[in-house]
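[1] Fold the following and give me the result.
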Amino acid sequence: MTARIGHLVTSGTFSLDGGTWDVDNNVYLVGDGAEAIVIDAAHDADAILAALDGRTLRAIVCTHAHNDHIDAAPALAAATGARILLHPDDLPLWQRTHPDHHPDGELTDGQVLTIAGVDLTVLHTPGHAPGAVCLHAPDLGTVFTGDTLFAGGPGATGRSFSHFPTIIDSIRDRLLTLPPDTVVRTGHGDTTTIGAEAPHLEDWIKRGH
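    Okay, here's the model as predicted:
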């Protein structure tokens, strides 16, 4: 069966540094009719289970450990037996949300996750969070960027654990080098492409200073 990308939007809150905001999160399911992985188990384990529609969940992949991207991960793991994968640099953030539940495995730069015959390469892209990663699936013509790159610019870097020069380096060196027609599937909001975002790098840098 051919691999495909499923998408749903879940709603909840994001909390950090004493503030809480309402957010809508993109949740992606990559797989075929038999198996899938979930990228960012946000807010609503039941909705994600419904979207799986009986398929075997092979892994729950966290692009980073802000609470709005991981709050449903333990419940989804308990319901499916899937392993939760996170870059170790984001463990301090993870532990703020789930102090009693440790991820099951680590994501590392260059690691390849294979699902339904499709390879997703882990790109460590710190800046929005220390352990932020993107997942590049060239056979699907897409990259899942979490909160590292959005339609219109970089993810936020004004809160704890974030750093603007680092996210710019990550975007320039790890993402804008991908083919221009690569579809960027973001953690919030609309998709874009590498080609649409690349010309604006210098504008983002000026805006960030």
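[2] all contacts plus neighbour counts: C-alpha atoms, from now on.
    Will do.
[3] buried residues in the helix or strand Ala196 falls within?
    Taking DSSP states H and E as the criterion, Ala196 maps to helix 194-197. Across helix 194-197, burial judged by 16 or more other CA atoms under 10 Å covers 194-195, 197.
[4] which residues are in contact with it?
    151-153, 175-176, 178-184 (CA atoms under 8 Å, 6 or more residues apart in numbering).
[5] ok, back up a step: out of the buried residues of helix 194-197, flag the one nearest to Asp46.
    Nearest to Asp46 out of these is Ile194 (CA to CA; 32.6 Å).
[6] which residues of the protein score low on pLDDT?
    By pLDDT under 70, the weakly predicted segments of the chain are 1, 209.
[7] how about the helices of it, start to end?
    Using DSSP state H, the helices found in the chain span residues 45-52, 67-70, 73-80, 91-97, 164-170, 194-197, 201-207.
[8] Tell me which of these sits nearest to Pro126.
    The nearest among the helices of the chain, by CA to CA, is helix 164-170 at 5.9 Å.
[9] Can you name the residues that contact Ala47?
    Contacts of Ala47 by CA under 8 Å, 6+ apart are Thr10.
[10] okay, now Pro92: neighbour count?
    The local packing of Pro92 (other CA atoms under 10 Å) involves 14 other residues.
[11] Drop anything exposed from the contacts of helix 194-197.
    151, 153, 175-176, 178, 182-184.
[12] Let's see which of those residues end up in strands.
    Mapping the buried ones among the contacts of helix 194-197 onto strands (DSSP state E) picks out 153, 183-184.
[13] With distance to His163 as added columns, please give the residues you listed in CSV.
    As requested, these are exported to CSV (distance: CA to CA, whole Å):
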residue, distance to His163
Gly153, 15
Val183, 25
Val184, 21
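[14] Looking at the residues you listed, which one is closest to Asn25?
    Nearest member of those to Asn25, counting by CA to CA, is Val184, at 14.8 Å.
[15] Now Ile37: closest residue in space that isn't a chain neighbour?
    Ala59 (5.0 Å; CA to CA, 6 or more residues apart in numbering).
[16] wouldn't the one you found be in contact with Thr80 here?
    No. Ala59 is beyond contact range of Thr80, at 9.4 Å (criterion: CA atoms under 8 Å).
[17] which one of those two has more residues nearby?
    Neighbour count, other CA under 10 Å: between Ala59 and Thr80, Ala59 has more, with 22 against 16.
[18] ok, for Ala82, nearest residue in space, not its chain neighbours?
    Ala59 (4.9 Å).
[19] If the one you found is in a bridge, with which residues?
    Ile37, Arg83 (DSSP bridges).
[20] same thing with Val133?
    For Val133, the beta-bridge partners are His124 (DSSP bridges).
[21] quick one: contacts for it?
    63-64, 87, 122-126, 145-146, 148.
[22] And for Asp104?
    Contacts of Asp104 (CA under 8 Å, 6+ apart): 83-85.
[23] Check His200 too.
    Gly153.
[24] what's the answer for Ile115, then?
    Applying CA under 8 Å, 6+ apart to Ile115 gives the contacts 3, 30-31, 35-37, 58.
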